[in-house]
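S.K.: next comes the sequence, and after it the predicted model I'd like to discuss.
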Amino acid sequence: MRLFNIEAVVLQARAVREADRLLVLLSRERGKLRAMAFGAAKPTSRKRGAVQPFTHGRYLLAAGKELYTVRQAEEIASWPALHGDLVRLAYASYAAELSAAFLPEEQPGEAAFRLFLSFLRSLVAAVNPLALRLLEARLLFLAGLWPRLAACAACGAGPGEGVFFSPGAGGVLCRRCGREDPQAIACHPGTLRLLGTLRSWPFGRLGSLRPDRTVREELQRILEATICYHLEGEPGSLNFLRRLEQG
């Protein structure tokens, strides 16, 4: 039986029977993995703390026919604030759902691992919608779905001032092409510049970005439309998150 160690963050933990948990792990060494933690929900289990959603830990896995099995689990860090605050929990759940959806199975995952861990740490410090936009943008980039921003995705011309964004076309559209695309979203050039900035901007410096309300709303609309387009539907946690933000 092949055993190996990974450092990972728990993206999702689903109950299977009474005491077992099916985990989606985002690891530093092997990217996204699915593993079964048998008996992990028992009060006496040593794995119990390390298999909770958003826990950062070390895991000893055994290879199986379809799923890995968690043989040992050791918690490195957890953040009770993410579970004790409904808004933070919604942000973390949405980020985890996107990461699980966009990242491929068992592909090198150092960048994605660091991204998600940095997002959790920033979320514990403060609830910042711009941090969620950064995570969305970076996940699109890591998944190879980064939109074209420098020129019209349809005709190749410079976008000019009256710009649109179309997830279906793959990026920015000039005024002429945007008017011909019923799914195109009108936006300001500054919104697209901010989107380009977020591709490489660190969470720790988000406080230095101060976009106005119009740019923030356009950025959110663009990113959510792009995510829904590529996932062919709306993430299950997105509607709940919207209601919380509006309420």
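M.R.: Great, that's in hand. Numbers count the residues shown, from 1 in each chain.

S.K.: packing partners for the longest strand anywhere in the chain?
M.R.: When the chain is parsed with DSSP state E, its longest strand is strand 3-16. Applying 3 or more C-beta pairs under 8 Å, 6 or more residues apart in numbering; DSSP states H and E, we find strand 3-16 packed against strand 20-27, strand 31-37, strand 56-62, helix 86-102, helix 110-125. Every residue, glycine included, has its C-beta placed from N, CA and C.

S.K.: now what about it, what contacts it?
M.R.: For strand 3-16, the surrounding residues in contact (C-beta atoms under 8 Å, 6 or more residues apart in numbering) are 21-30, 32-33, 36-37, 41, 50-63, 71, 76, 96-97, 99-100, 113, 116-117, 120.

S.K.: mind checking pLDDT for residue 1?
M.R.: Listed pLDDT for residue 1 reads 57.

S.K.: list the buried residues in the longest strand of the chain.
M.R.: 6-13 (16 or more other C-beta atoms under 10 Å).

S.K.: looking at the helices and strands packed on strand 3-16, which is buried most?
M.R.: Of all the helices and strands packed on strand 3-16, strand 20-27 has the most neighbours on average by mean count of other C-beta atoms under 10 Å, namely a mean of 23.

S.K.: my guess is residue 199 contacts residue 138, does it?
M.R.: Yes - taking C-beta atoms under 8 Å as the definition, residue 199 is a contact partner of residue 138 at 6.6 Å.

S.K.: redo the buried residues of strand 3-16 as TSV? Include distance to residue 176 and pLDDT.
M.R.: Formatted as TSV, the buried residues of strand 3-16 follow (distance: C-beta to C-beta, whole Å; pLDDT from 0 to 100):
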residue	distance to residue 176	pLDDT
6	50	96
7	50	97
8	48	97
9	45	98
10	48	98
11	42	97
12	44	96
13	49	95
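
S.K.: between these, which is closest to residue 173?
M.R.: For the buried residues of strand 3-16, the minimum distance to residue 173 (C-beta to C-beta) is 33.9 Å, reached by residue 11.

S.K.: quick one: low-confidence parts of the protein?
M.R.: Counting by pLDDT under 70, the chain has low-confidence residues at 1, 247.

S.K.: any idea how far the nearest residue to residue 20 once chain neighbours are set aside lies from residue 51?
M.R.: Closest residue to residue 20 apart from its sequence neighbours, by C-beta to C-beta, 6 or more residues apart in numbering: residue 38 at 5.1 Å. With distances taken as C-beta to C-beta, to the nearest Å, residue 38 is found 11 Å from residue 51.
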